[in-house]
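1. Structure, please.
(one chain, ligands or ions: 4)
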Amino acid sequence: AKSGGRGRAERFDDRYAAEAGARLKLDTELRHALANGELECFYQPEIDLATGRLYALEALVRWRHPERGLLAPDEFVPHAETVGIIGQLFEQVLAEVLTQQDAWYDAFGWRPPVAVNVSPRQLNASRLVPMVLDALAAHGTPPEALILEVTETGLVDDTVMTGTLAELRRHGVAVAVDDFGTGYSSVSRLAGRHWDALKIDRSFTAGIATDESREGVVRAMIALAHSLKLRAIAEGVEDEATLAKLRELGCDAGQGYLWNRPAGAAATTEMIAASPHW
Ligand code: C2E
Ligand code: CA
Ligand code: CA
Ligand code: CA
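-> Ligands and ions are numbered 1, 2, ... in the order given. From the prediction side, this is the model:
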């Protein structure tokens, strides 16, 4: 019995060792990626539903891994958050976005507003506000051209979160509640906060055209957004029926595969150039 127990323990040890090894490899490679510019922004339009015009672009990070190809954020953003290099990742994404906006300004005469995802864990960093403001100033970018999307998680002290976001908003940066309705986000957390937009998670958007109870939930979310003077943006719009329903419900903007999948900078520039709305 004793030797059997030890055998099991050894197998567990092996598994933990393998997992620890994989984490360490990811860690080493991700730090290398940050140092060597392997991260890249993809962009996905947010469409104004009243006019059909482009309202903003969301920057979605990708990792061009030398062996594994293009990796989605799920594969490395959570790790970056855990080991405390998410601030560095954000700084690189922001720099790339601001540089790209400069190029669009040169090409089209204006900067499409870009939404950048911010991990709630970063909001504790006192460096965040000056870093964002310095980066905007260095590019001569009007703060209105930047939107920060924050998912509520309950991890971050309310006063810190409110203070950081309020200060950025005071300087003209827009702030959106991301993935509304999931995780720890709740109605009470919206009150007294000053947000500009509320993004309805795609788990709520799906099926509103065919399911009345789902429609009711989204209708209520849009009403909530409007009563707080926030723009309502629906994520995950994949078909015309959903779009028609969102228009009927008075949703302000939408984002989803119906219009575009996230695309690299070159394809996004072509999309902007070909757009009749510019
Ligand atoms: P998110 O902020 O909710 O971003 C929307 C996600 O939904 C994106 O996945 C996008 O590709 C996907 N999506 C867009 N339209 C549709 C649709 O019509 N149908 C479906 N099924 N999906 C759609 P992606 O790019 O894989 O990003 C996943 C998450 O990773 C993001 O979710 C965001 O939370 C996080 N993320 C992405 N970039 C960054 C970043 O730079 N920093 C941080 N902290 N997180 C990021
Ligand atoms: Ca987002
Ligand atoms: Ca989202
Ligand atoms: Ca989402």
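2. The top strand by length along the chain - which strands sit beside it in the sheet, and in what orientation?
-> Longest strand in the chain, counting residues (DSSP state E): strand 54-65. Applying DSSP bridges to the sheet, strand 54-65 is found paired with strand 39-48 (antiparallel), strand 69-71 (antiparallel), strand 114-118 (parallel).
3. Among the ones you listed, which comes closest to Val150?
-> Val150 sits nearest to strand 114-118 of all the strands paired with strand 54-65, at 5.1 Å, using Cβ to Cβ. (C-beta placed from N, C-alpha, C; glycine too.)
4. Now do that closest one, average pLDDT.
-> Averaged across strand 114-118, pLDDT comes to 97.
5. element containing Ala80, please.
-> helix 77-82 (DSSP states H and E).
6. Can that helix be said to contact ligand 2?
-> No - if you take Cβ under 5 Å from the ion as the test, helix 77-82 misses ligand 2, and the best it gets is 11.1 Å.
7. Provide the contact partners of that helix at residue level.
-> For helix 77-82, contacts defined as Cβ atoms under 8 Å, 6 or more residues apart in numbering pick out Arg23, Leu26, Asp27, Leu30, Val61, Ile86, Gln88, Leu89, Ser119, Arg121.
8. How much space separates the fifth one from ligand 2?
-> Here Val61 is placed at a distance of 11 Å from ligand 2 (Cβ to the ion, to the nearest Å).
9. Pull the contacting residues for that residue.
-> Counting by Cβ under 8 Å, 6+ apart, Val61 has contacts Leu39, Glu40, Cys41, Phe42, Pro73, Val77, Leu89, Val93, Asn117.
10. before we move on, what about the first one?
-> For Arg23, the set of contacting residues under the criterion of Cβ under 8 Å, 6+ apart consists of His79.
11. where's it relative to Ala17, distance?
-> Noted for Arg23: a distance of 11 Å to Ala17, by Cβ to Cβ, to the nearest Å.
12. The third one now?
-> Separation of Asp27 from Ala17 (Cβ to Cβ) stands at 15 Å.
13. Show me which of the two is the more surrounded one.
-> More neighbours sit around Asp27 than around the other of Asp27 and Ala17, counting by other Cβ atoms under 10 Å; the figures are 16 against 10.
14. From what I see, the more buried one and Val83 are in contact.
-> Yes - applying Cβ atoms under 8 Å, one finds Asp27 in contact with Val83, separated by 6.1 Å.
15. Straight-line length of stretch 42-54, end to end?
-> 16 Å (Cα to Cα, to the nearest Å).
16. For that stretch, buried residues please.
-> Going by neighbour count (16 or more other Cβ atoms under 10 Å), the buried part of stretch 42-54 is Phe42, Tyr43, Gln44, Pro45, Glu46, Ile47, Asp48, Leu49, Leu54.
17. related to what we said a few turns ago, helices - which of the contacts of helix 77-82 land there?
-> Arg23, Leu26, Asp27, Leu30, Ile86, Gln88, Leu89 (DSSP state H).
18. could those go into a markdown table alongside distance to ligand 2 and pLDDT?
-> As requested, the ones in helices among the contacts of helix 77-82 are exported to a markdown table (distance: Cβ to the ion, whole Å; pLDDT from 0 to 100):
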| residue | distance to ligand 2 | pLDDT |
| --- | --- | --- |
| Arg23 | 25 | 88 |
| Leu26 | 22 | 92 |
| Asp27 | 24 | 92 |
| Leu30 | 20 | 96 |
| Ile86 | 14 | 94 |
| Gln88 | 19 | 95 |
| Leu89 | 14 | 96 |
